[in-house]
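Trainee: Have a look at this fold, sequence not included:
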């Protein structure tokens, strides 16, 4: 069974940093585009960042551009989200997801992790 498992969430103060990890259970995901999404309390899920299968192309939501960095280590079947300069507005459950084409369309991501909570205190 395909699994994506996120880790690295937690509580951090404004201005702090966290690094999220998403480990895929199967080697197949080394050829998949990977994305990080988040769902703030009471709001819809939104795209944060994506990276293509090769790691050569990335996309960031305007709200995180310059603060967050997505990367992947195909040898480890793992994708990362480095989050710097965090603010309370970044508080959300963060999900990783996989798609077979590089896309910013949420519905094209068919494999999802269970989510990890990130809370930024003021």
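Mentor: Good, I have the coordinates. Predicted model only: the values in this text are computed from it and were never measured. Numbers count the residues shown, from 1 in each chain.
Trainee: Reduced to three states, what does the residue most central in space within the chain come out as?
Mentor: In the chain, the centroid-proximal residue (CA atoms, centre = their mean) is residue 36; its distance is 2.3 Å. Three-state call for residue 36 (DSSP: H, G, I helix; E, B strand; the rest coil): strand.
Trainee: Assign a three-state SS to the residue nearest to residue 7 when sequence neighbours are not counted, would you?
Mentor: Among residues not flanking residue 7 along the chain, residue 21 sits closest, at 5.1 Å (CB to CB, 6 or more residues apart in numbering). All C-beta atoms are positioned from the backbone trio N, CA, C, and that covers glycine. Secondary structure, three-state DSSP: residue 21 is strand.
Trainee: likewise residue 75?
Mentor: Going by three-state DSSP: residue 75 is helix.
Trainee: Report the beta-bridge partners for residue 47.
Mentor: residue 37 (DSSP bridges).
Trainee: quick one: contacts for it?
Mentor: Neighbour list for residue 47: 35-37, 59, 61, 104, 106 [criterion: CB atoms under 8 Å, 6 or more residues apart in numbering].
Trainee: Quickly note the distance from it to residue 121.
Mentor: 25 Å (CB to CB, to the nearest Å).
Trainee: Repeat that for residue 83.
Mentor: From residue 83 to residue 121 the distance is 14 Å (CB to CB).
Trainee: thinking again about what came up before, want to throw the contacts of residue 47 into CSV with pLDDT and distance to residue 29?
Mentor: Output for the contacts of residue 47, formatted as CSV (pLDDT from 0 to 100; distance: CB to CB, whole Å):
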residue, pLDDT, distance to residue 29
35, 97, 12
36, 98, 14
37, 98, 16
59, 98, 18
61, 98, 22
104, 94, 18
106, 93, 18
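Trainee: among those, which ones are buried?
Mentor: Among the contacts of residue 47, those classed as buried by 16 or more other CB atoms under 10 Å are 35-37, 59, 61.
Trainee: Poorly predicted segments of the chain, please.
Mentor: Within the chain, the stretches with pLDDT under 70 are 1-2.
Trainee: So which residues of it form strands?
Mentor: 4-7, 10-13, 18-24, 33-39, 46-51, 58-60, 68-73, 78-83, 92-99, 111-112, 116-121 (DSSP state E).
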